[in-house]
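**Student:** I would like the atomic coordinates for the input below:
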Amino acid sequence: MLFNSFEFILLVGVTLVIYYFPPFARWQRFVLIAASFTFYASNEPIILLLLIISIAINAITSRMVMDGPRSAAKVY
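**Tutor:** You can find the predicted model right below:
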């Protein structure tokens, strides 16, 4: 999907309408995530798998750092 294509303009338009629609205020984060996944999967769906794997690795390693022992923390 190119930034100057009709599909992109439609995706941005629909995303903005849903994002700023008051009943969906609680779901704004998920609207942006869904729009992002749609954008990345539009040309090559396999890229969506790569994105999901990258997100999972980042979430797992971030959790491991947060839950790690404080004695292993380094002060620079």
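**Student:** use CA for all of it now, contacts and neighbours both
**Tutor:** OK.
**Student:** where are the low-confidence patches of this structure?
**Tutor:** Scanning the chain for pLDDT under 70 picks out the ranges 72-76.
**Student:** can you rerun that using 80?
**Tutor:** Scanning the chain for pLDDT under 80 picks out 1, 68, 70-76.
**Student:** Please, which helix or strand holds the residue nearest to the spatial centre of the chain?
**Tutor:** Residue closest to the average C-alpha location in the chain (CA atoms, centre = their mean): Ile33, at 4.1 Å. If you go by DSSP states H and E, Ile33 is part of helix 28-41.
**Student:** Now do the helix or strand following that helix and helix 28-41, the angle between them.
**Tutor:** Counting by DSSP H and E, the next helix or strand C-terminal to helix 28-41 is helix 45-67. Here the directions of helix 45-67 and helix 28-41 differ by 140 degrees (axes from the mean of the first three to the mean of the last three CA atoms, to 10 degrees).
**Student:** could you say what helices and strands helix 45-67 packs with?
**Tutor:** Using 3 or more CA pairs under 8 Å, 6 or more residues apart in numbering; DSSP states H and E, the elements in contact with helix 45-67 are helix 28-41.
**Student:** chain center to the helix it packs on, what's the gap?
**Tutor:** Between the centre of helix 28-41 and the centre of its chain there are 6 Å (CA atoms, centre = their mean, to the nearest Å).
**Student:** Which positions in the helix holding Ile33 come out as buried?
**Tutor:** Within helix 28-41, the residues scored as buried using 16 or more other CA atoms under 10 Å are Gln28, Val31, Ala35, Phe37, Phe39, Tyr40, Ala41.
**Student:** Thanks again, I'm all set now.
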